[in-house]
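K.L.:
quick one, fold the following:
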Amino acid sequence: MPAVSKGDGMRGLAVFISDIRNCKSKEAEIKRINKELANIRSKFKGDKALDGYSKKKYVCKLLFIFLLGHDIDFGHMEAVNLLSSNKYTEKQIGYLFISVLVNSNSELIRLINNAIKNDLASRNPTFMCLALHCIANVGSREMGEAFAADIPRILVAGDSMDSVKQSAALCLLRLYKASPDLVPMGEWTARVVHLLNDQHMGVVTAAVSLITCLCKKNPDDFKTCISLAVSRLSRIVSSASTDLQDYTYYFVPAPWLSVKLLRLLQCYPPPEDAAVKGRLVECLETVLNKAQEPPKSKKVQHSNAKNAILFETISLIIHYDSEPNLLVRACNQLGQFLQHRETNLRYLALESMCTLASSEFSHEAVKTHIDTVINALKTERDVSVRQRAADLLYAMCDRSNAKQIVSEMLRYLETADYAIREEIVLKVAILAEKYAVDYSWYVDTILNLIRIAGDYVSEEVWYRVLQIVTNRDDVQGYAAKTVFEALQAPACHENMVKVGGYILGEFGNLIAGDPRSSPPVQFSLLHSKFHLCSVATRALLLSTYIKFINLFPETKATIQGVLRAGSQLRNADVELQQRAVEYLTLSSVASTDVLATVLEEMPPFPERESSILAKLKRKKGPGAGSALDDGRRDPSSNDVNGGVEPTPSTVSTPSPSADLLGLRAAPPPAAPPATSGAGNLLVDVFSDGPAAQPGLGPTPEEAFLSELEPPAPESPMALLADPAPAADPGPEDIGPPIPEADELLNKFVCKNNGVLFENQLLQIGVKSEFRQNLGRMYLFYGNKTSVQFQNFSPTVVHPGDLQTQLAVQTKRVAAQVDGGAQVQQVLNIECLRDFLTPPLLSVRFRYGGAPQSLTLKLPVTINKFFQPTEMAAQDFFQRWKQLSLPQQEAQKIFKANHPMDAEVTKAKLLGFGSALLDNVDPNPENFVGAGIIQTKALQVGCLLRLEPNAQAQMYRLTLRTSKEPVSRHLCELLAQQF
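P.N.:
Numbering: from 1, shown residues only. Have a look, this model is predicted:
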């Protein structure tokens, strides 16, 4: 950098800054700033030309004022003029002002680009570096387009100074991150990779950062960098601290470059060349050896640099997962950090060992540290370290230590932080299921979970234990006995009541022979909890009572008395009232044989991957799959789950920044295959997708229509059935649709899938299919935040007389939506007769304690029930003449809002639902279509003709139907698409 002359001190700037600092109040500061701004403005507008020093001084003052938080609306041109100066200090201040105050849309960008181009061509290394720094700081697409081709040439030029190469590499990296498509690396790739051999360590460091970013997108193009990176790393690792004096940090040679090289190597698999691989293994062993050496300095900077290289080395060893010796050594080295006094080192060691535990080579070595990890779980003061310790216990668990780990986690759960209790509950449930030596231990563990942390036991956990107990005859008696004893506790969690109600309702007869658990005692015990429970649990208990009447006829009179009580028959909750009335009638009217058939024991559930594991994957976020289900299976493991293939529902949820719904490319979800036998009648409470319906090979249309029928109440599944939703709120109970509701609705007139609504909190996606007068729609609600939505309630509302025109059957969704997760809602739709207004979708929830609500128009329009009809030209014109009454025709002439493209127009008309008829209209430029609107009450024939006029950029649309309102409405809907 050129020396600053004595006159460059800018005394006026120093005085101004001193005045600002001496101001006693905010008003005094503003007054002084306004005075200075007026002075600078008058100097810039004066007739007398300012010299470079004065411009620099005043521009510096403007920059300082801006940094104080005040707006600056002048002086930009003077800063641009400074760029043409030959003095370094003046040019530097000009570039600094532009980097901070000029945005990418400024009108001065062209002038700035010209000045930068001149400096890049000047071959003055100082000026070239200033220009490159400015490009990187602004980083706009316009600058990328202007200089993306020049910067690689400067980077690889043989006569470029080292400082210029460093700046060019980092500038190119900045442009690539902002606009990857603007950086053409094809012809420069080999020469950029060769920079790893440069003599200047600063150039190598900058080049490694650039190559690491580029190779993630085009790994094959930069594959030659592996051998060069290994060679450079070897030279650094084997060097003494005195060999690289300029790049030695507290006795550690080039730590930043070493870390970057190790990260670059993690972008590729192990080297194929034996010599390169041997040299790399030697480097890694050297790093591990140096970690054992006594420190050369007691300063924390020395240990930080040394440990940074060590942890990155261990990450590379884990990434390769091919060197057993190195993996075990890495595990032993991490084990030494588990009791280190530095909290960060303990955290990093636990985190790295979690990954090592998934390797078959190092799993046993990780297990040797189990006592240290358990001690960390009990004694660590930092909650994040305790959470990593729990993760590591989960990862190192196998059949040999499952009981010890589960018992320790249960013991810790009693005092665990509330933030991690749910996650620990899920992990305990998974481990107990996966490594159950006998099922009685599994049942005891889950019931202990509910007793210790009932509030954090999700539905997936107790659903799963019910599924396993139902499927295993050998554990049903023990489960009934154990849950009966658990229910006798004075303070019993509601989840325990749910599990007890189900198990005793199904298998209470297995313990009824003991006088201490006779049928009357079982009923009295359950009914003593009834008044303390929520509506959903009471509904389950009522189902248990009717099961008792079948299992234990001696309890019939007592239970009928309970069902006949006014508190049940006249209950304010419609679900409880309906169950009480129906169960009372069933027990009174049905014969013993009918009652036994209807209330027979539940058949086994179909085996599938545990929904608890899927929930844990969703909770941990993207990338958790490898850590949670690492593919390392214990050969002797007798999974309760049966080791079935994972279903698509177990894919982990994307990060909030990703497309939460996957609607932009993915097809609609396929229904799972139907199972055989009695299982066909089951409601699949463990699946997120729609349940498959049994069939004997119907045609595709019959299958679709049969799927839309509501399920018949043939199954005795009342114990786990969700209570029916409360009555939908009327239009007066919800707010008006959002202003853009009509615009969002119009996007779906000619398509069935897409994102209906999206803001910073919520994404709502739609997938739908319609046939004849029936339709099925999947709504996907994605939480884009990291905070759980509470009281999440989407409701479909029918405004006006729509209830008599359109029937919509909805499925209840979960009331909580985890951060980064999504829930699905299924809607079955039936068109009863023609309608003009769509139903409304009201979404209400609480985010961070604040209520949120929005109302949208559901994308269900009359054209969705359009069935295309093919007909010959003669038939078309005959039908056209029959629909000649004035009220049967609707016509609209309108200006094109989009480019007039014949293929796009054809696609929109087909998406609208009509069949396109060729060779009907004498003018081949016109489009003719026909179809029938299918409703339950009647069919409405429809003919349309669209006449585009490309010269005038106009359309004429004519529609004829047998009903006047339908003609007008379809004409309005279709005209808005063009």
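K.L.:
and Met185, how far from His493?
P.N.:
Relative to His493, Met185 is positioned 61 Å away (Cβ to Cβ, to the nearest Å). C-beta: built from backbone N, CA, C; applies to glycine.
K.L.:
got any ranges where this protein has weak pLDDT?
P.N.:
Residues of the chain meeting the criterion pLDDT under 70: 1-9, 47-48, 104-105, 241-243, 607-733.
K.L.:
swap in 50 and give it another go.
P.N.:
By pLDDT under 50, the low-scoring segments of the chain are 1-7, 622-728.
K.L.:
setting aside sequence neighbours, what's the nearest residue to Ile893?
P.N.:
Nearest non-adjacent residue to Ile893, counting by Cβ to Cβ, 6 or more residues apart in numbering: Arg956, 4.8 Å away.
K.L.:
is it correct that the one you found falls within a helix?
P.N.:
No. Using DSSP: H, G, I helix; E, B strand; the rest coil, the assignment for Arg956 is strand, not a helix.
K.L.:
packing partners of the host helix or strand of Cys134?
P.N.:
Secondary structure from DSSP states H and E places Cys134 in helix 125-138. Other helices and strands packing on helix 125-138, by 3 or more Cβ pairs under 8 Å, 6 or more residues apart in numbering; DSSP states H and E, are helix 88-101, helix 109-121, helix 150-156, helix 162-178.
K.L.:
surely Ala416 meets Ile424?
P.N.:
Yes. Under the criterion of Cβ atoms under 8 Å, Ala416 makes contact with Ile424 at 5.9 Å.
K.L.:
find residues that contact each of those two.
P.N.:
Common contact partners of Ala416 and Ile424 (Cβ atoms under 8 Å, 6 or more residues apart in numbering): Ala453.
K.L.:
OK, contacts around the nearest residue in space to Ala915 that is not next to it in sequence?
P.N.:
Excluding the flanking residues, the one nearest Ala915 by Cβ to Cβ, 6+ apart is Pro868, at 3.3 Å. Applying Cβ under 8 Å, 6+ apart to Pro868 gives the contacts Gly913, Ser914, Ala915, Gly929, Ala930, Gly931.
K.L.:
between those residues, which is nearest Val192?
P.N.:
Val192 lies nearest to Gly913 out of the contacts of Pro868, by Cβ to Cβ, at 54.5 Å.
K.L.:
quick revisit: between helix 162-178 and the helix holding Cys134, find me the angle.
P.N.:
Per axes from the mean of the first three to the mean of the last three Cα atoms, to 10 degrees, the angle that helix 125-138 makes with helix 162-178 is 20 degrees.
K.L.:
neighbouring contacts of helix 125-138?
P.N.:
With contact meaning Cβ under 8 Å, 6+ apart, helix 125-138 is reached by 1-2, 88, 91-92, 95, 98-99, 102, 104, 112, 115-116, 119-120, 122, 143, 147, 151, 154, 160-161, 163-164, 167-168, 170-171, 174-175.
K.L.:
show me which of these are buried.
P.N.:
By neighbour count, with 16 or more other Cβ atoms under 10 Å, the contacts of helix 125-138 hold 88, 91-92, 95, 98-99, 102, 112, 115-116, 119-120, 143, 147, 151, 154, 160-161, 163-164, 167-168, 170-171, 174-175 as buried.
K.L.:
I'd say Ala821 and Asn783 touch.
P.N.:
Yes. In this structure Ala821 lies within contact range of Asn783 using Cβ under 8 Å: 5.6 Å.
K.L.:
more neighbours: those two, which one.
P.N.:
Shown here are Ala821 and Asn783; by other Cβ atoms under 10 Å, Asn783 has more neighbours (25 against 22).
K.L.:
spit out the contact partners of the closest residue to that one other than its chain neighbours.
P.N.:
Nearest in space to Asn783, with sequence neighbours left out and distances taken as Cβ to Cβ, 6+ apart, is Val817 at 4.6 Å. Going by Cβ under 8 Å, 6+ apart, Val817 touches Tyr781, Asn783, Gln788, Phe789, Phe792, Val823, Phe845.
K.L.:
who does the helix or strand the first one falls within pair up with?
P.N.:
Just to be clear, that refers to Tyr781. Here Tyr781 sits within strand 774-783, counting by DSSP H and E. Strand pairing for strand 774-783, determined by DSSP bridges: strand 762-771 (antiparallel), strand 822-831 (antiparallel).
K.L.:
phi, psi for the residue nearest to Asn783 please.
P.N.:
Per-residue torsions, Val817: phi -120, psi 110 (degrees, to the nearest 10).
K.L.:
beta partners for it?
P.N.:
Phe789.
K.L.:
picking up where we left off before, same question for the helix holding Cys134: list its buried residues.
P.N.:
Within helix 125-138, the residues that qualify as buried are 126-138, counting by 16+ other Cβ under 10 Å.
K.L.:
which among the residues you listed gets closest to Leu68?
P.N.:
Asn137 (20.1 Å).
K.L.:
how near is that closest one to Leu175?
P.N.:
Look at Asn137 and Leu175: by Cβ to Cβ, they are 11 Å apart.
K.L.:
Ser853 now?
P.N.:
For Ser853, the distance to Leu175 equals 43 Å [Cβ to Cβ].
K.L.:
now do Leu130
P.N.:
Leu130 sits 17 Å away from Leu175, going by Cβ to Cβ.
K.L.:
quick check: Glu506 touching Glu600?
P.N.:
No. Contact criterion Cβ under 8 Å: Glu506 and Glu600 do not qualify, at 10.1 Å.
K.L.:
give me the more crowded residue out of these two.
P.N.:
Each of Glu506 and Glu600 has its neighbours counted (other Cβ under 10 Å); Glu506 has more, 22 against 13.
K.L.:
so who does that one touch?
P.N.:
Per Cβ under 8 Å, 6+ apart, neighbours of Glu506: Thr470, Gln476, Lys547, Glu601, Met602, Leu719.
K.L.:
of those residues, which is the most crowded?
P.N.:
Within these, Lys547 tops the neighbour count with 26 neighbours, counted by other Cβ under 10 Å.
K.L.:
buried sites along whatever helix or strand that one lives in?
P.N.:
Assigned by DSSP H and E, Lys547 falls within helix 535-551. Buried residues in helix 535-551, counted by 16+ other Cβ under 10 Å: 536-551.
K.L.:
so can I have TSV of the contacts of Glu506 showing secondary structure?
P.N.:
Output for those, formatted as TSV (three-state DSSP):
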residue	secondary structure
Thr470	helix
Gln476	helix
Lys547	helix
Glu601	coil
Met602	coil
Leu719	coil
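K.L.:
quick check, nearest of those to Leu214?
P.N.:
Minimum distance to Leu214 across the contacts of Glu506 is 55.4 Å, recorded for Thr470 (Cβ to Cβ).
K.L.:
ok, that closest one touching Pro606?
P.N.:
No. Taking Cβ under 8 Å as the definition, Thr470 is not a contact partner of Pro606, at 11.2 Å.
K.L.:
thinking again about what came up before, ok, so of the buried residues of helix 535-551, who is nearest Asp19?
P.N.:
Nearest to Asp19 among the buried residues of helix 535-551 is Ala536, at 69.9 Å by Cβ to Cβ.
K.L.:
distance of the closest one relative to Lys498?
P.N.:
8 Å.
K.L.:
swap in Glu351?
P.N.:
According to Cβ to Cβ, Glu351 stands 37 Å off from Lys498.
K.L.:
so which of those two has more stuff around it?
P.N.:
Applying other Cβ under 10 Å to Glu351 and Lys498 shows that Lys498 carries more neighbours, namely 25 against 16.
K.L.:
so what's that one up against?
P.N.:
Contacts for Lys498 (Cβ under 8 Å, 6+ apart) come out as Trp462, Thr537, Leu540.
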